[in-house]
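Participant: sequence first, predicted model second:
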Amino acid sequence: GENVEQHPSTLSVQEGDSAVIKCTYSDSASNYFPWYKQELGKRPQLIIDIRSNVGEKKDQRIAVTLNKTAKHFSLHITETQPEDSAVYFCAAPGEGGKLIFGQGTELSVKP
Amino acid sequence: GAGVSQSPSNKVTEKGKDVELRCDPISGHTALYWYRQSLGQGLEFLIYFQGNSAPDKSGLPSDRFSAERTGGSVSTLTIQRTQQEDSAVYLCASSLVGTASNQPQHFGDGTRLSIL
């Protein structure tokens, strides 16, 4: 069945350090992988996405890498800042266009 | 509108009552999704609309849950005979198309439902 596994569930880093969150998916036909950031009490916000025709995408301090052979993709945040603290969700398409979300990673950036 | 709009933002009701949640998607978005998020948890898919039809209702937890969409725009999620385990944030998202593919989904602020 469709499944997305996300690790770690919590991550604490010092300001300025890098943070990496990893996800694996089960459906080899998946071709679109978004990442969402959710601050406490707010809506999930799309921060970056990657399609299966590329292996890496960058947007300022955020990058996502995709390994289709291994069926995993990762979010990399460099030079972390306290405002990066939030819960991050990865997702992959499920049957019919719905998104299957990972369980989330609570990132804490300590000043 | 500029974004996905949901109402009410908060709803407190007694066990056994019916509730109706509303979602107004981004103008021009044909695909609409409902998700449920329990406290500290991930997002659980409920139902998906393409236009007015619902090709995938697989996530609805029970027959107390139903949803409709008319005019290809606004959608309502109805929960009948609410139970305490229905307490959660109900999130709506929309996208340009919804065919298993690569269109970003944009979320509303959600309705926080509390069943007493």
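Facilitator: Everything's here; your move. Residues are numbered from 1 along each chain as shown, chains lettered A, B, ... in the order given.
Participant: contact partners for residue 61?
Facilitator: Looking at chain A here, since you left the chain open. Neighbouring residues of residue A:61 by CB atoms under 8 Å, 6 or more residues apart in numbering or on different chains: A:77, A:78, A:79, A:80. Bear in mind the C-beta positions are built from the backbone N, C-alpha and C, glycine included.
Participant: that was the other one, I meant chain B.
Facilitator: B:36, B:46.
Participant: what pLDDT does the model give the residue positioned nearest the centre of chain B?
Facilitator: With distances taken as CA atoms, centre = their mean, residue B:34 lies nearest the centre of chain B, 3.1 Å away. On the pLDDT scale, residue B:34 is placed at 95.
Participant: before we move on, what about residue A:108?
Facilitator: Confidence score, pLDDT, at residue A:108: 98.
Participant: identify the bridge partners of it.
Facilitator: Here residue A:108 sits in beta bridges with residue A:12, going by DSSP bridges.
Participant: quick one on the thing from earlier: which one (most neighbours) among the contacts of residue A:61?
Facilitator: Of all the contacts of residue A:61, the highest neighbour tally under other CB atoms under 10 Å in any protein chain shown goes to residue A:77, namely 23 neighbours.
Participant: check the burial of residue 84 by counting its neighbours.
Facilitator: All of this refers to chain A. So residue A:84, with other CB under 10 Å, has 19 neighbours.
Participant: should've been chain B
Facilitator: 9.
Participant: how about it, what does it touch?
Facilitator: Residue B:84 is in contact with B:15, B:115, B:116, counting by CB under 8 Å, 6+ apart.
Participant: let's go with 7 Å and repeat that
Facilitator: Counting by CB atoms under 7 Å, 6 or more residues apart in numbering or on different chains, residue B:84 touches B:15, B:115.
Participant: picking up where we left off before, so the residue nearest to the centre of chain B is in which element?
Facilitator: Per DSSP states H and E, residue B:34 falls inside strand B:31-37.
Participant: follow-up on the earlier one: so for the residue nearest to the residue nearest to the centre of chain B when sequence neighbours are not counted, what's the pLDDT?
Facilitator: Using CB to CB, 6 or more residues apart in numbering or on different chains and skipping the chain neighbours, the partner closest in space to residue B:34 is residue B:46 (4.2 Å). Predicted confidence (pLDDT) for residue B:46: 93.
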